[in-house]
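K.L.:
below is the sequence, then the predicted model.
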Amino acid sequence: MKYLLAGVIVVALLAILRAKRRRAAPGAGASAPASAAAAQRPGEGPSRMLQCAACGVHLPMDEVFRRGDEVFCCDAHARRPPSAGGGSC
Ligand SMILES: [Zn+2]
């Protein structure tokens, strides 16, 4: 009976370890930037990705530059007139 109890405890510990390892591993099908963002802020989850109105680059919501209703990847794109399009930051 003692061995049965020890076996149950070992199996439970292995199941917990396996669940933790699965949670720590990058999610299947998740894109690299999303998992990188999740790694930076554990517990918060991946932040929402927004697209630069000038060049179309996607970046996390907390790293964008805003001008009015539009978001940009860098200050240079935020200052550029919309007709100028993309280009280097
Ligand atoms: Zn841009």
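P.N.:
Happy to help now that I have it. Residues are numbered from 1 along each chain as shown.
K.L.:
residue 76 versus residue 60, what's the distance?
P.N.:
19 Å (CB to CB, to the nearest Å). Every residue, glycine included, has its C-beta placed from N, CA and C.
K.L.:
actually residue 54, not the one I wrote
P.N.:
9 Å.
K.L.:
quick revisit: residue 60 and residue 76: who's more crowded?
P.N.:
Legend: neighbour count by other CB atoms under 10 Å for residue 60 and residue 76, higher for residue 60 (17 against 13).
K.L.:
pretty sure the more buried one contacts residue 52?
P.N.:
No: here residue 60 does not reach residue 52: they are 12.0 Å apart, not a contact under CB atoms under 8 Å.
K.L.:
residues of this structure that sit close to the ion?
P.N.:
Listed as neighbours of the ion in the chain under the rule CB under 5 Å from the ion: 52, 54-55, 73, 77.
K.L.:
burial count for residue 58?
P.N.:
When neighbours are counted by other CB under 10 Å, residue 58 comes out with 13.
K.L.:
show me the contacts for it.
P.N.:
Residues in contact with residue 58 (CB atoms under 8 Å, 6 or more residues apart in numbering) are 33, 49-52.
K.L.:
is it in a bridge, and if so with what?
P.N.:
With DSSP bridges applied, residue 58 shows beta-bridge pairing to residue 51.
K.L.:
numbering from 27 from now on, please.
P.N.:
Got it, the first residue is 27 from now on, which makes the last one we talked about residue 84.
K.L.:
residue 106 versus that one, what's the distance?
P.N.:
18 Å.
K.L.:
go on, residue 96?
P.N.:
11 Å.
K.L.:
between those two, which is the more surrounded one?
P.N.:
residue 106 (19 against 16).
K.L.:
hmm, residue 88 is touching residue 73, no?
P.N.:
Yes: if you go by CB under 8 Å, residue 88 and residue 73 touch, sitting 5.9 Å apart.
K.L.:
which one's more surrounded, these two?
P.N.:
Legend: neighbour count by other CB under 10 Å for residue 88 and residue 73, higher for residue 73 (17 against 10).
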